[in-house]
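Novice: below is the sequence, then the predicted model.
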Amino acid sequence: MYRDYLIKPPFFEIGPKAYLYGPAMLELARVIDRVATKYDVDVIVTPQYTDIALLAGHTERIHVYAQHMDPLPVGRGLGSVLPEAVKAAGAVGVMLNHAERKLTLEDVEKTIRRADEVGLATIVCADTLEEIEAVARMAPNLIVAEPTELIGTGETSDLEYVRRTIETVRSINPEIMVLQGAGISNGRDVYDVIKAGAQATGCTSGILRAEDPPAMVEEMLGALRKAWDERHGSAEQ
């Protein structure tokens, strides 16, 4: 497990996938950066590889992660994503094993170890309780508990899934934080999953397909902050 990552709960992840890139991606990233500062929340943004340096060089609060990388060493590997290159571009972490970029568990573990070597935090997606347990034993920094069948549907995980996944990870390694993903479409969804016990959540389509994406960023991060403070009390209490 890479020890020097700076994320603290509550946090949020926004993954533009291949919907957004270049100047438009930077414009939204700057909005996210401003709103994250306003609500004092950490936000992971996973842009296209070609936009990592752009975002890292023009934002201050967001955490820029690569969407994927490969565990290869420096040398041969045309078309692969080199960990050292991800780090040099300005990323502070990497997402692994998303439903749209699945890996074998063996490759997940190899890539986590390479990320540790080069100083990149890892956020690893997992679906079932069995997969979540297996990934937790590999000691990534963060786990996304995300039922694959709910991705992009607007239907969120049930509260039993939220509870059991958190308990499963905590029983193996309490240092790993758990993000509850899939189906988040508005601020109410964010509020409900954080109030249910999650440390974090995230969204792609709910923001990028909204009539006003910047307004939806504001709505979701505001709900994240509100739910967390109601669960734990504000810093002044």
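Specialist: Sure, I can see it. Residues are numbered from 1 along each chain as shown.
Novice: quick one: the strands in the protein?
Specialist: 11-14, 42-45, 63-66, 93-96, 121-126, 142-145, 177-180, 200-203 (DSSP state E).
Novice: redo those as CSV? Include distance to Gly233 and mean neighbour count.
Specialist: For every residue, glycine as well, the C-beta is placed using N, CA and C. Below are those laid out as CSV (distance: least, Cβ to Cβ, whole Å; neighbours: other Cβ atoms under 10 Å):
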stretch, distance to Gly233, mean neighbour count
strand 11-14, 18, 25
strand 42-45, 19, 23
strand 63-66, 25, 24
strand 93-96, 29, 26
strand 121-126, 27, 28
strand 142-145, 24, 27
strand 177-180, 19, 25
strand 200-203, 18, 27
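Novice: contacts for the lowest-mean-pLDDT helix or strand in the chain?
Specialist: The weakest-scoring helix or strand in the chain, judged by mean pLDDT, DSSP states H and E, is helix 159-172 (a mean of 90). If you take Cβ atoms under 8 Å, 6 or more residues apart in numbering as the criterion, helix 159-172 is touched by 129, 132-133, 136-137, 143, 145, 147, 176, 178, 180, 193, 196-199.
Novice: by pLDDT, rank those residues and give me the bottom one.
Specialist: In terms of pLDDT, Pro147 ranks lowest among these, with 76.
Novice: where's it relative to Ala198, distance?
Specialist: Distance, Pro147 to Ala198, by Cβ to Cβ, to the nearest Å: 14 Å.
Novice: neighbour count for those two, which is higher?
Specialist: Using other Cβ atoms under 10 Å, the more surrounded residue of Pro147 and Ala198 is Ala198, with 28 against 21.
Novice: the closest residue to that one other than its chain neighbours pairs with what?
Specialist: What sits nearest to Ala198 in space, not counting adjacent residues and going by Cβ to Cβ, 6 or more residues apart in numbering, is Gln180, at 4.1 Å. Beta bridges link Gln180 to Ala145, Thr201, judged by DSSP bridges.
Novice: okay but Gln180 is in contact with Ala200, surely?
Specialist: Yes: with contact defined as Cβ atoms under 8 Å, Gln180 reaches Ala200; the gap is 7.2 Å.
Novice: okay, and for the chain, where does confidence drop off?
Specialist: 148-158, 182, 234-237 (pLDDT under 70).
Novice: what packs against the lengthiest helix in it?
Specialist: Taking DSSP state H as the criterion, the chain has its longest helix at helix 213-232. In terms of contacts (3 or more Cβ pairs under 8 Å, 6 or more residues apart in numbering; DSSP states H and E), helix 213-232 is packed against strand 11-14, helix 22-39, helix 187-195, helix 205-208.
Novice: of those, which is nearest Val64?
Specialist: Nearest of the helices and strands packed on helix 213-232 to Val64, taken as Cβ to Cβ: helix 22-39 at 8.2 Å.
Novice: what angle separates the closest one from helix 213-232?
Specialist: 30 degrees (axes from the mean of the first three to the mean of the last three Cα atoms, to 10 degrees).
Novice: mind listing what's buried along helix 22-39?
Specialist: Residues Met25, Leu26, Leu28, Ala29, Arg30, Val31, Ile32, Asp33, Arg34, Val35, Ala36, Tyr39 are the ones in helix 22-39 that count as buried (16 or more other Cβ atoms under 10 Å).
Novice: with just CA atoms, put the least confident helix or strand of the chain into PDB.
Specialist: Output of helix 159-172 as PDB, limited to C-alpha atoms (Å, rounded to 0.1, in the frame of the first residue of the first chain):
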ATOM      1  CA  LEU A 159     -28.000  -0.400   1.900                       C
ATOM      2  CA  GLU A 160     -27.200  -4.100   2.800                       C
ATOM      3  CA  TYR A 161     -24.600  -4.100   0.000                       C
ATOM      4  CA  VAL A 162     -23.200  -0.800   1.300                       C
ATOM      5  CA  ARG A 163     -23.000  -2.200   4.900                       C
ATOM      6  CA  ARG A 164     -21.500  -5.600   4.000                       C
ATOM      7  CA  THR A 165     -18.800  -4.300   1.600                       C
ATOM      8  CA  ILE A 166     -17.600  -1.700   4.200                       C
ATOM      9  CA  GLU A 167     -17.500  -4.400   6.900                       C
ATOM     10  CA  THR A 168     -15.700  -6.800   4.700                       C
ATOM     11  CA  VAL A 169     -12.900  -4.400   3.800                       C
ATOM     12  CA  ARG A 170     -12.700  -3.100   7.300                       C
ATOM     13  CA  SER A 171     -12.200  -6.600   8.700                       C
ATOM     14  CA  ILE A 172      -9.300  -7.200   6.400                       C
END
